[in-house]
Structures are given as structure tokens and as C-alpha cells.
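S.K.: Sequence plus the predicted model coming up.
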There are 2 protein chains.
Amino acid sequence: MRNGVPSERVQSDDEPERPARPGRRTLSREDWARAALEAMRGGGLGAVAVEPLAESLGTTKGSFYWHFKDRDSLIQAALERWVAESEELMAAAERIEDPVERGRRLTEYAFTAPSGADITTTLLIHAEHPVVGPILEQVTRRRLEFGARLTEELGLPADAAYRHALTALTMTVGIALIRRGAPQLLPQGEDKDAYVRYILELLGPPMR
Amino acid sequence: MRNGVPSERVQSDDEPERPARPGRRTLSREDWARAALEAMRGGGLGAVAVEPLAESLGTTKGSFYWHFKDRDSLIQAALERWVAESEELMAAAERIEDPVERGRRLTEYAFTAPSGADITTTLLIHAEHPVVGPILEQVTRRRLEFGARLTEELGLPADAAYRHALTALTMTVGIALIRRGAPQLLPQGEDKDAYVRYILELLGPPMR
DNA sequence: GAACTGCCATACGCCACCGTACGGGACGTC
DNA sequence: GACGTCCCGTACGGTGGCGTATGGCAGTTC
């Protein structure tokens, strides 16, 4: 490792020594934010840890604390990316003209997207965190309003539309959590398709 | 010189009644398990930490490691209590004769019980833990089968009954998580009752 | 009343992570 | 080719939790 001798750091100067970061030499703040968001999808808020992240980026804390004040501000930056993604997603949905098709596609996406695609569930778990809580609430509220407006276009009154959006959110969150924690309990294989259709029918075009 | 006790201590079950704890009497394994389960309801798996728990029990780690091998075995003991509670709950439900009333009561309970009453959601969050995962799956599977059997009595075929039970579980889990993380988004006050009725109608006596 | 045992206190080492201090290399600028 | 700025490496100290080692007291037992 090293000894207590403070001066001379003798680094063997003939080593290749840089396979860790291909291409780019220096990291940007956005690189860190992106990596943090990715880690969050995979391992929750706890996976957004400075030292492990540095390791996986092939660098050290020195880089991190150059770009960020502390861990919370990294979380903040990562979540800001997520907010932008969420807005984009809604904008894309808005471009689908037929409201029925729009609802169907959105619902289907919510229940078939890969397991870590959306981190709402993860964030709900850590909502007590002072950075997470407010952002999560803001995004979720916007999504609910978006969903409710969309449902109103299908002919439902406002209160029923909000209830419907809330139910969709609840189901999405619930299924995401079960998929993460106990996927064996969910229908697999061919049953799965039938189950998705069942949910789509339960939530989809609200006719009640 | 010392009793080289390497493993667990299982005490005989004829111990005298304990006044919970504040009487400055000695603590039992059950006291620890109970406190652990309580902490888990309040703060998740992370709150089951030896030193903080010892502090809140007015004792030290010395006590803990007398009764338990390590933290995991405490988690195990706490969850075994939870398994027993779950069985009791189902047995109690079984005693309600009318299947319709039974379903209604169970559903209503699931959506109105105090926030930390059931830890299924908490455990789903930590399902990757080697002790939590298996116990959670076992309990949840039993509950799903229980719910499905109950639904069959209402006249549904087996597959639809399972789907129905799964949907009820999903909604329960989803609502529990939202209630914990973003309760502002759920209907409050008088709207809340209407929302519960809406859910009961959505899930309740399945007539489809 | 001595020994034994059940239960606990305390001190210790370890590990993972946070944040700081500081030095130093790389690279453009003059 | 000296210099300043950007970016990073490394050591250090601090915190919180896990598990161990060991001592000790309070009852019980003989």
C-alpha cells in the first residue's frame, strides 16, 4: 500500500495505467449525474454512493468533490435529469392523436417496460429524503394531472378521471414493487400476456 | 474458563411473565424480537439495527449478542412473529361466515388500517435480503391463495380468482407505498371515504 | 458462603462511507 | 518555457453500524 513517507510519490512511469476511462479523459458533472441516475435505477438511493460510483467510473472522490458540493447535490442533479425525462415522455404521449390509443399505449408501457425503467417506486421508498420528497411529489402530481386530463378526453368527469389516474398510478407502483421483490408471484410466460390484458381492461378505457 | 458459547441461545418457554421492560428486569429474546418488529414497522429494515435498538430498550449490545447470534437472526425472529400474526389474521377472517361480508371486511381493512400495520410493502422493498425474501414469498403466497380461495367462493373460476387476489394485493401494496411516500396525492378527508368506496367497488364483489 | 450461571456493560477492532486538505499533473496562454 | 486553471489522486479524520472479547454483578444452588 503505502508508508508514512510524505514526499516522493514514485509512480512507475512505464505503466499503461489508463484502461478505466476509454476515450474521454476528464469527467463532466453530467457524467456523474447520469451515472448516479443509472445507479439509482439499479440499486436504489443507497447505490448513489460517492466512493463506489467513483470506482465504477474509474476515478476517485477527488473528481466528484470537484463537480459537486456533496452527495445530496448529486442526487439533486440526477433527479433533475429524471424530471426532464418525465416531461419528455409526456410530450411524446401528447403527440399521439387518438386519445384511446394514447391511453392504451401509456398503460401498456407502464406495465411492460423493463424493471428499472421508471424510478417512481424507488423514490417513493425514499420519499423521506429532503431532496427526493419534493421532486417526487412535483413529478407525480404533474403525471397525475396529465393522466387525469387525458382521461377526461375519454369522456369522464373530472373527479372520476383523477380517481382513474390515481388507480393507474397505484397499480403501476404496486406491480413494479412486486416485480422487484417477488416476481415469482406474478404470472409468467403466456399467463403474463393474459394478465397484462386483464389489467388493461381493468384500467384501460374506463366505461363505468 | 468461559462458556465458549458460539451459537444461539434458545431459552425454555416456561419463563415468567415480563413487564415489557421498564421494571428494570432482564430482557428476553422475545422482547428483542418484538422491538425489532416494531422498529421495522416504523423505519423499515434499516431501523432494525442492534445498537440503536439496544439504546431504545435501555440496554446495550451485550444483551443482544447474548440472545442472538447476529443481526440476521434477529430479523428472522421478528419475521417469525409476523408470520404468526398473518396466520392469525387469516384464521380470524375464516370465522366470518358470509363470504361477501368477509371479502368486504378484508378489503376495507387493507385500505384503512393504520399506515404501518402490515409490513408487506416494507419487506418487498428489502426482498433481496436473504432472510426477508423467502419468508416474504411464503407469506404472500399463502395470502394470495387464501384470497383466491375466498374469491372462488364468490363464484369465480380459479384463474380469475387468482388474478383478482393479485390485483387486490397490488393495490394494497401500491396504496401503502403512496401513503408512506406521498400521502398528499391521495384523497383526504371526505374525498377519502369516496375513494375507499370506489376501490371497494373496483375490487370488492367481483361480478364480471 | 462459595461456586456456578444467566444476563449485561464496556472496550475494542473492523468496515463502508462521507467530506476535507492538499498536492500535482495536463494543457492552454502569454 | 513559465504560469495559471482545470481536474484529479491520495491521505486524513469523522461517523455509524457490526461483531468479539472479556469482565462483572445478581441470583440460585449446594
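M.R.: That came in fine, so what should we check first?
S.K.: Might you report the residue contacts of the residue most central in space within chain A?
M.R.: Most central in chain A under C-alpha atoms, centre = their mean is A:Ile119, positioned 3.1 Å from the mean C-alpha point. Residues in contact with A:Ile119 (C-beta atoms under 8 Å, 6 or more residues apart in numbering or on different chains) are A:37, A:40-41, A:82. (Each C-beta comes from the backbone N, C-alpha and C, glycine too.)
S.K.: okay, among those, which ones form the most distant pair?
M.R.: Within the contacts of A:Ile119, A:Arg41 and A:Trp82 form the most distant pair, 9.4 Å apart (C-beta to C-beta).
S.K.: Which of these two has more residues huddled nearby?
M.R.: A:Trp82 (21 against 18; other C-beta atoms under 10 Å in any protein chain shown).
S.K.: list the contacts for the more buried one?
M.R.: A:Trp82 neighbours (C-beta under 8 Å, 6+ apart): A:37, A:119, A:135, A:139.
S.K.: backbone phi and psi for it, please?
M.R.: Phi and psi for A:Trp82, reported as degrees, to the nearest 10, are phi -60, psi -40.
S.K.: With A:Ala77 instead?
M.R.: phi -60, psi -40.
S.K.: Once you drop chain neighbours, what's closest to it?
M.R.: A:Ala33 (4.0 Å; C-beta to C-beta, 6 or more residues apart in numbering or on different chains).
S.K.: rewinding a little: kindly indicate the member of the contacts of A:Trp82 with the most neighbours.
M.R.: A:Ile119 (25 neighbours).
S.K.: State the distance from it to A:Asp191.
M.R.: According to C-beta to C-beta, to the nearest Å, A:Ile119 and A:Asp191 sit 27 Å apart.
S.K.: So for the helix or strand bottoming out on mean pLDDT in chain A, what gets flagged as buried?
M.R.: Within chain A, no helix or strand scores below helix A:99-112, which has a mean of 85 by mean pLDDT, DSSP states H and E. Neighbour counts over helix A:99-112 (16 or more other C-beta atoms under 10 Å in any protein chain shown) mark A:102-104, A:106-107, A:110-111 as buried.
S.K.: now swap in stretch A:185-202 and tell me
M.R.: Neighbour-count burial for stretch A:185-202 [16+ other C-beta under 10 Å]: A:185, A:187, A:195-196, A:198-199, A:202.
S.K.: coming back round to it: let's see which of the contacts of A:Trp82 end up in helices.
M.R.: Per DSSP state H, helices hold the following members of the contacts of A:Trp82: A:37, A:135, A:139.
S.K.: give me every residue that touches the first one.
M.R.: Spelled out, it's A:Leu37. Taking C-beta under 8 Å, 6+ apart, one finds A:78-79, A:81-82, A:119 in contact with A:Leu37.
S.K.: Return only those of the residues you listed found close to DNA strand C.
M.R.: Among the contacts of A:Leu37, proximity to DNA strand C is found for none (C-beta under 7 Å from any atom of the strand).
S.K.: what's the closest of these to DNA strand C?
M.R.: If you rank the contacts of A:Leu37 by distance to DNA strand C using C-beta to the nearest atom of the strand, A:Ala78 comes first, at 12.6 Å.
S.K.: tally of neighbours for that closest one?
M.R.: When neighbours are counted by other C-beta under 10 Å, A:Ala78 registers 24.
S.K.: Same check on the one 10 residues further on?
M.R.: A total of 10 residues lie near A:Glu88 under the criterion other C-beta under 10 Å.
S.K.: Tell me the spatial nearest neighbour of A:Val173, not counting adjacent residues.
M.R.: B:Gly174 (4.3 Å).
S.K.: The one you found: what's it in contact with?
M.R.: Counting by C-beta under 8 Å, 6+ apart, B:Gly174 has contacts A:169-175, A:177.
S.K.: tell me which element it is part of?
M.R.: helix B:158-181 (DSSP states H and E).
S.K.: right, and the helix or strand after that helix?
M.R.: Counting by DSSP H and E, what follows helix B:158-181 is helix B:189-203.
S.K.: angle of the helix holding B:Gly174 against helix B:189-203?
M.R.: Interaxial angle, helix B:158-181 versus helix B:189-203 (axes from the mean of the first three to the mean of the last three C-alpha atoms, to 10 degrees): 160 degrees.
S.K.: buried ones in helix B:158-181?
M.R.: Residues B:160-181 are the ones in helix B:158-181 that count as buried (16+ other C-beta under 10 Å).
S.K.: got the CA coordinates for that helix in PDB?
M.R.: Provided in PDB are the C-alpha atoms of helix B:158-181 (Å, rounded to 0.1, in the frame of the first residue of the first chain):
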ATOM      1  CA  ALA B 158     -59.800 -20.400 -10.200                       C
ATOM      2  CA  ASP B 159     -57.700 -18.300 -12.600                       C
ATOM      3  CA  ALA B 160     -59.900 -15.300 -12.400                       C
ATOM      4  CA  ALA B 161     -59.900 -15.600  -8.600                       C
ATOM      5  CA  TYR B 162     -56.100 -15.700  -8.500                       C
ATOM      6  CA  ARG B 163     -56.000 -12.600 -10.800                       C
ATOM      7  CA  HIS B 164     -58.400 -10.900  -8.500                       C
ATOM      8  CA  ALA B 165     -56.400 -11.700  -5.400                       C
ATOM      9  CA  LEU B 166     -53.300 -10.500  -7.100                       C
ATOM     10  CA  THR B 167     -54.900  -7.200  -8.100                       C
ATOM     11  CA  ALA B 168     -56.100  -6.700  -4.500                       C
ATOM     12  CA  LEU B 169     -52.500  -7.300  -3.300                       C
ATOM     13  CA  THR B 170     -51.100  -4.900  -5.900                       C
ATOM     14  CA  MET B 171     -53.500  -2.200  -5.000                       C
ATOM     15  CA  THR B 172     -52.800  -2.700  -1.300                       C
ATOM     16  CA  VAL B 173     -49.100  -2.500  -1.800                       C
ATOM     17  CA  GLY B 174     -49.300   0.500  -4.100                       C
ATOM     18  CA  ILE B 175     -51.600   2.500  -1.800                       C
ATOM     19  CA  ALA B 176     -49.400   1.600   1.200                       C
ATOM     20  CA  LEU B 177     -46.400   2.900  -0.600                       C
ATOM     21  CA  ILE B 178     -48.000   6.100  -1.800                       C
ATOM     22  CA  ARG B 179     -49.400   6.700   1.700                       C
ATOM     23  CA  ARG B 180     -45.900   6.400   3.100                       C
ATOM     24  CA  GLY B 181     -44.200   8.500   0.500                       C
END
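S.K.: Show me where chain A dips below the pLDDT cut-off.
M.R.: Applying pLDDT under 70 to chain A flags the ranges A:1-24, A:204-208.
S.K.: Right, I'll call it a day here.
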